[in-house]
Every structure is written in structure tokens, then in C-alpha cells.
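Q: this one's sequence-less:
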């Protein structure tokens with residue numbers, strides 16, 4: 001750990017925190033249908049889209065209509081992407097003449113990108129054509145991000161409105177997010193990436209002759225356009241197998257900083273949007289504080305673990321020199337070093353992004369424990385665009401409920417009484433997540449010919465690889481411990497369903513909660529009302545997140561990375 005490493009963290013944090021208010025204010029204006037500086041250009045396009053698609057922009061939906069529109073849209077777009085993959089060999093923009101994607105892998109990939117997970121059981125540059133990358137995968141990068149933000153604003157409206165049977169219009173919310181937020185930001189971001197050296201073309205791959213006389217294939221393509229929305233939409237699926245460790249995806253220190261910032265910038269801004277739309281700015285800052293505390297703690301542990309590896313870890317330099325830093329450099333890109341690799345790993349697992357500039361399978365046991373725990377906490381430490389906010393609000397409601405129990409008063413949240421139905425929806429959301437992860441992990445661990453045959457590592461590290469895969473899938477993160485070969489029929493199918501359940505099934509109780517809150521009357525605060533805009537609330541919220549995470553996942557973690565760390569400390573692992 002060095003002063004320079006901490007300085008890099010401080011610069012990143014300062015820029016992020018400075019962006020919260022302007023980004024959040026702009027998001028609030030867009031999501032509330034207020035006028036923005038892009039209106040003269042985009043408002044006519046927005047009206048044209050509604051006219052061509054038959055959408056009545058003035059029609060408000062109840063939560064069931066909202067959920068039906070969202071689920072139907074997601075299923076249809078999943079089938080479209082599956083068809084593009086299966087017909088890839090017959091479609092244009094395939095200069096490499098890549099074959100059609102197999103049925104199980106096509107299913108896994110379609111489910112992955114539909115759910116904002118971007119889990120990749122394949123090598124992108126040798127599997128997906130340019131058309132598939134753009135029309136199938138990048139298309140979902142935009143739409144899945146828009147869906148997440150739409151659900152978040154629907155829940156915020158439910159908190160804000162009183163005696164209302166509606167929570168907005170899904171088609172209007174998703175359209176406005178696409179037009180006013182994701183598309184313009186991605187265009188500008190992609191141009192910056194091109195200026196930094198990221199390719200953007202439709203050329204065939206270049207065949208080069210090396211100094212040894214061997215032929216090398218240099219992959220390229222429409223990388224910058226996919227990279228921009230990959231990060232802004234917290235998608236994470238790379239154009240290349242090496243993802244953000246590849247110099248064509250992440251060529252400079254500036255692009256590395258921009259990629260990390262773009263993962264967090266919308267989720268962080270939504271905390272200010274929450275405070276502004278609900279009329280309680282202090283509440284938004286309190287939620288942001290809880291996120292930032294957990295983020296800082298995670299980075300600190302990962303950075304310490306990677307900078308101070310145990311002497312028994314093979315392949316790790318223990319002391320620094322002029323040519324090599326001290327610490328665990330295995331699986332890390334030397335251009336970024338330990339500090340930036342630790343920060344990137346923390347950021348991408350705090351958000352449901354999954355982009356990586358270092359291989360998580362090569363992290364130390366404690367470093368791997370943190371990135372796995374970040375996902376297991378529900379992807380609420382900033383989280384994905386939208387999904388992090390509505391996941392955090394689930395924990396907010398639970399924290400308010402627990403506070404009410406402690407003082408013996410009916411829990412209240414921003415003027416709404418929290419009743420049995422609300423708590424049931426929150427607990428349904430919370431319990432779906434560990435149920436799908438732990439059940440499938442157990443099933444595959446107990447199946448030698450199906451689950452264990454894909455492992456490159458035995459023992460607790462092998463268990464962690466399987467646990468991480470299903471956690472990443474259910475959490476819609478998409479990163480992986482690369483020691484597991486998940487491109488098998490059983491893993492492709494099971495992970496596909498895991499990602500769909502972890503996204504779409506968990507959205508239903510969120511929208512049900514939004515509808516129920518919108519229907520309630522507003523009650524004035526009383527002396528027994530627990531304030532949700534103070535440092536005490538931040539402490540309570542942080543504690544609730546950690547305690548619920550520990551109660552559900554500690555047994556699995558104790559058999560995986562925790563056991564691996566203890567065996568390493570005792571010298572029994574090697």
C-alpha cells in the first residue's frame with residue numbers, strides 16, 4: 001500500500017462525489033418529464049417514437065401493468081437476440097465468417113444481456129460477429145440499463161405519491177432514459193475512447209507477421225461504441241475476452257479512470273434523484289453515505305490483501321523493486337498495478353457491472369472474499385444503474401421497519417406507514433437471491449460429472465469458483481473466477497435461468513411495493529418517527545445490509561474463501 005495508491009483512490013472519490021448533484025438533478029428532470037437542454041432536439045424524436053409505436057404517453061400504469069410491460073418486453077427482446085445468434089452465419093457484417101452460436105450458449109448469452117448481467121461463457125472475438133455484437137448485445141446494453149432505471153424511478157414515485165393507483169408509464173420512462181441519458185452520454189464517451197486509441201470500425205481482423213515469423217491475428221471492430229454503454233449501463237461484457245485489461249478496450253490511465261467513474265456515476269447520481277423527487281434531500285445523502293462507507297471498506301481490504309500477500313502464495317512478488325511492485329501481481333495488468341486493479345475490482349463488484357481489468361480468480365483469498373461479498377450483499381453498494389437504487393430502497397424499508405420495532409411504534413418512511421404487505425415484499429426480494437445461489441451451488445458441487453468436472457482447482461478455491469459463478473449470475477454482475485469452465489450445456493442452461501430469476505423475478509416484488517406505497521395516505525411525522533436523513537440512519541442502514549448478508553451467506557463463505565485464507569495462513573494449502 002502506497003501514498004500514490006491512496007491518492008488515486010482519493011482523486012476517484014472526489015470526482016465521483018462532485019458529480020452526484022449535477023447528474024442526479026438532471027436525472028430527476030428527465031424522469032419527471034421536465035424540460036432539459038436537449039428538449040429542442042430530442043422532444044420531436046420522442047413524440048415520433050410514441051406515435052410510431054402506439055404509446056399513449058399520458059396513460060399511467062398501475063404496478064401490474066408496469067410489470068407486465070417490462071416482462072413482456074424483456075422476453076421478446078431475449079428471443080430476438082437468441083435468433084440473431086443462431087442465424088449469425090447467414091447474416092451480414094460477419095467478415096470473419098464465424099459460425100452460428102450453439103443453442104445452449106445462445107440461450108445463456110441472450111439471457112445474460114437481457115438481464116444486464118453480461119456473463120460471457122465464450123471468447124467474444126472468436127464467437128460473435130459484428131452484427132451480433134451491435135444488434136444483439138450492445139442493443140441490450142442500452143435497453144437493460146434503461147429498464148433498471150425505469151424500475152428505480154417507479155419505486156421512488158411510489159414513495160412520493162399519495163392515494164395513487166399508478167406509478168408511471170414503463171414505455172415513457174424507458175424511452176426518456178434512452179433518449180436523454182444513455183444515448184447522448186454514450187456518443188460523447190465513445191468519441192473520447194476513440195481519441196484515446198480504442199478501435200471503432202467494421203474491418204476484418206488484421207493478419208500480422210511477428211518478429212519470429214509467426215502469423216498473429218489482431219482482432220478489432222466496433223469496440224468504442226460497445227465499450228461506452230458497457231460501462232455507463234453497468235453491463236460489463238467485453239468486446240474482447242480480456243475485457244478491460246485489453247489495450248484496445250482500455251488503452252490508457254485516463255480510460256481506466258473514466259471506466260471506473262462511468263460505472264458509478266449514474267447509480268451515485270440516483271441517490272440525489274431520490275432525495276429531490278421525495279422532497280428529502282438529506283435522505284438521499286444519507287443513502288449515499290451508506291454506499292460510500294461500504295465501498296471504502298471494501299477497497300481498503302482488497303488493496304491491503306493484494307499489497308501484502310502471504311509468502312506461500314505461488315507466483316507473487318513479495319518485495320518491491322525498480323522493475324516490479326511488491327504484492328500479488330498475478331493476474332493483473334502491469335499498466336495499472338495493484339492500486340488501480342484493487343479499485344477496479346471493488347468498483348465493478350459493488351456495481352452490477354462485471355467488467356474487469358484484473359482476473360478475480362488470481363486475487364488473494366481475502367481479496368476474492370471481498371469481491372464475492374460485494375455481490376452477495378445484493379449489489380446495493382451503488383449497484384447497477386437503477387437496480388442498485390431499488391435494491392438499496394428494499395434495505396431502507398427493512399431498516400425503518402427494524403427501527404420501528406425497537407421503539408415500539410408503527411414504522412414510517414417519508415410519511416408512509418410500513419405495514420405487513422410492504423415487509424413481505426421486501427423479504428421476498430431478499431430471500432429469492434440466496435435461495436437461487438445456494439441451491440444451485442449445492443447441486444453443482446454435489447454433481448461430479450456436471451459441476452466439478454469444469455473446475456481447474458480443487459478444495460475451497462474450487463468451491464468459491466462455483467459459488468462465485470452463481471452469485472455473479474443471480475446478482476446480474478457478470479464477472480467470474482476464470483478457473484471455472486462454464487461453457488457446458490448444464491452450466492449454460494442453469495446460469496441462464498439464474499440470471500433471469502435474479503433480475504426479472506426480483507423486480508416483481510419491487511413494483512408491488514411501489515404500487516402499495518403509492519396507494520397509501522401520507523401521515524405527518526410524529527415524535528416516534530425515525531429520521532432517515534441523519535448519520536444514525538446511515539449507521540443503521542449499513543448494519544442491516546451487513547447483518548442480512550452475513551445471515552444468508554456466511555456458511556458458504558466460511559467453506560470457500562474464508563477456509564482458503566485460514567489454510568493459507570497455516571501453511572496447509574500447498
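A: Nice, I can see it. The structure presented is a predicted model; accordingly, all values stated were derived computationally and were not measured.
Q: and the pLDDT at the most centrally placed residue in the chain?
A: To find the centre residue of the chain, average its C-alpha atoms and take the closest one (C-alpha atoms, centre = their mean): that gives residue 352, at 1.2 Å. We have a pLDDT of 87 for residue 352.
Q: and what of residue 134?
A: 92.
Q: got a list of what the nearest residue to it once chain neighbours are set aside touches?
A: On the basis of C-beta to C-beta, 6 or more residues apart in numbering, the spatially nearest residue to residue 134 that is not a chain neighbour turns out to be residue 222, at 5.8 Å. C-betas here are computed from N, CA, C, even on glycine. Residues near residue 222 by C-beta atoms under 8 Å, 6 or more residues apart in numbering: 130, 133, 134, 138, 199, 200, 201, 202, 239.
Q: repeat that for residue 148.
A: 116, 384, 385, 386, 387, 390.
Q: surely the last one touches residue 153?
A: The reference is to residue 390. No: under the criterion of C-beta atoms under 8 Å, residue 390 is not in contact with residue 153, lying 9.1 Å apart.
Q: residue 370: which element?
A: Per DSSP states H and E, residue 370 falls inside helix 365-376.
Q: packing partners of that helix?
A: For helix 365-376, the packing partners by 3 or more C-beta pairs under 8 Å, 6 or more residues apart in numbering; DSSP states H and E come out as helix 281-307, helix 337-350, helix 459-474, helix 535-559, helix 561-570.
Q: what angle sits between the first one and helix 337-350?
A: On the basis of axes from the mean of the first three to the mean of the last three C-alpha atoms, to 10 degrees, helix 281-307 is oriented at 140 degrees to helix 337-350.
Q: ok and helix 281-307 relative to helix 365-376, angle-wise?
A: With the same axes, to 10 degrees applied, the angle from helix 281-307 to helix 365-376 works out at 150 degrees.
Q: from the chain's centre, how far out does helix 281-307 sit?
A: Relative to its chain's centre, helix 281-307 lies at 16 Å (C-alpha atoms, centre = their mean, to the nearest Å).
Q: and that helix, what's buried?
A: For helix 281-307, a neighbour-count test (16 or more other C-beta atoms under 10 Å) marks 281, 283-292, 294-295, 298-307 as buried.
Q: and if you look at the third one?
A: Under the neighbour-count criterion of 16+ other C-beta under 10 Å, helix 459-474 has 460-474 buried.
Q: any buried residues in the helix holding residue 370, and which?
A: Counting neighbours by 16+ other C-beta under 10 Å, helix 365-376 gives 365, 366, 367, 368, 369, 370, 371, 372, 373, 374, 375, 376 as buried.
Q: which residues does the nearest residue to the last one once chain neighbours are set aside contact?
A: What that stands for is residue 376. Across the structure, with C-beta to C-beta, 6+ apart as the measure, the residue nearest residue 376 apart from its sequence neighbours is residue 553 (4.6 Å). Neighbouring residues of residue 553 by C-beta under 8 Å, 6+ apart: 373, 376, 434, 437, 438.
Q: residue 448: which element?
A: Counting by DSSP H and E, residue 448 is found in no helix or strand.
Q: what's the local residue count around it?
A: Residues within reach of residue 448, counting by other C-beta atoms under 10 Å, total 9.
Q: of the contacts of residue 148, just say which sits nearest to residue 405.
A: In terms of C-beta to C-beta, no member of the contacts of residue 148 lies closer to residue 405 than residue 390, at 23.3 Å.
Q: what's the neighbour count on the closest one?
A: 27.
Q: now name the helix or strand holding it.
A: Secondary structure here is read from DSSP H and E; on that basis residue 390 sits in helix 387-407.
Q: with distance to residue 217 added, can I get the helices and strands packed on helix 365-376 in JSON lines?
A: Supplementary listing: the helices and strands packed on helix 365-376 in JSON lines, determined by distance: least, C-beta to C-beta, whole Å:
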{"stretch": "helix 281-307", "distance to residue 217": "33"}
{"stretch": "helix 337-350", "distance to residue 217": "27"}
{"stretch": "helix 459-474", "distance to residue 217": "29"}
{"stretch": "helix 535-559", "distance to residue 217": "41"}
{"stretch": "helix 561-570", "distance to residue 217": "37"}
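Q: right, so of those, which gets closest to residue 521?
A: Closest to residue 521 of the helices and strands packed on helix 365-376, according to C-beta to C-beta: helix 281-307, at 19.6 Å.
Q: from the contact counts, what lies against that closest one?
A: For helix 281-307, where contacts count as 3+ C-beta pairs under 8 Å, 6+ apart, the packed elements are helix 3-31, helix 253-278, helix 337-350, helix 365-376, helix 387-407, helix 535-559.
Q: which of the ones you listed sits closest to residue 91?
A: The closest of those to residue 91 is helix 253-278. By C-beta to C-beta, the value is 30.0 Å.
Q: in the closest one, what's buried?
A: Within helix 253-278, the residues that qualify as buried by neighbour count (16+ other C-beta under 10 Å) are 255-278.
Q: ok and it relative to helix 387-407, angle-wise?
A: Using the same axes, to 10 degrees: helix 253-278 against helix 387-407 is 50 degrees.
Q: helix 3-31 and helix 253-278, what's the angle between them?
A: Taking the same axes, to 10 degrees, one finds that helix 253-278 is oriented at 40 degrees with respect to helix 3-31.
Q: mind checking how far helix 253-278 is from the chain centre?
A: For helix 253-278, the separation from the chain centroid amounts to 12 Å (computed by C-alpha atoms, centre = their mean).
Q: over to stretch 457-468?
A: With C-alpha atoms, centre = their mean as the basis, the distance from the averaged C-alpha position of stretch 457-468 to the chain average is 22 Å.
Q: so for it, what's the average pLDDT?
A: 83.
Q: and the nearest residue to residue 548 once chain neighbours are set aside, what does it touch?
A: With C-beta to C-beta, 6+ apart as the measure, residue 430 is the residue that lies nearest to residue 548, at 6.4 Å, once sequence neighbours are left out. Residues in contact with residue 430, defined by C-beta under 8 Å, 6+ apart, are 378, 394, 398, 548, 552.
Q: rewinding a little: looking at the contacts of residue 553, which is nearest residue 111?
A: Top of the list for closeness to residue 111, among those and by C-beta to C-beta, is residue 437 at 16.1 Å.
Q: I figured the closest one hits residue 467, correct?
A: Yes: A contact is recorded between residue 437 and residue 467 when judged using C-beta under 8 Å, the distance being 7.4 Å.
Q: quick revisit: quick check, nearest of the contacts of residue 222 to residue 94?
A: Using C-beta to C-beta, the shortest approach to residue 94 within the contacts of residue 222 belongs to residue 130, at 6.8 Å.
Q: quick check: closest non-adjacent residue to residue 121.
A: Closest residue in space to residue 121, ignoring its immediate chain neighbours: residue 487 at 4.1 Å, by C-beta to C-beta, 6+ apart.
Q: tell me how many other residues crowd that neighbour.
A: 17.
Q: repeat that for residue 431.
A: Under the neighbour criterion other C-beta under 10 Å, residue 431 is assigned a count of 12.
Q: point me to the helix or strand that includes it.
A: When secondary structure is defined using DSSP H and E, the element that contains residue 431 is helix 420-445.
Q: quick one: average pLDDT of that helix?
A: Per-residue pLDDT values across helix 420-445 average out to 90.
Q: how far does it sit from the chain's center?
A: 18 Å.
Q: now swap in stretch 75-82 and tell me
A: Going by C-alpha atoms, centre = their mean, where stretch 75-82 is centred and where its chain is centred differ by 21 Å.
Q: would you mark the buried spots in that stretch?
A: Of the residues in stretch 75-82, those scored as buried under the neighbour-count criterion (16+ other C-beta under 10 Å) are 77, 78, 80, 81, 82.
Q: including distance to residue 235, could those residues go into a markdown table?
A: Conversion of the buried residues of stretch 75-82 to a markdown table gives the following (distance: C-beta to C-beta, whole Å):
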| residue | distance to residue 235 |
| --- | --- |
| 77 | 14 |
| 78 | 15 |
| 80 | 17 |
| 81 | 13 |
| 82 | 18 |
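Q: which among those residues gets closest to residue 502?
A: Taking C-beta to C-beta as the measure, residue 502 lies nearest residue 78 of the buried residues of stretch 75-82, at 14.4 Å.
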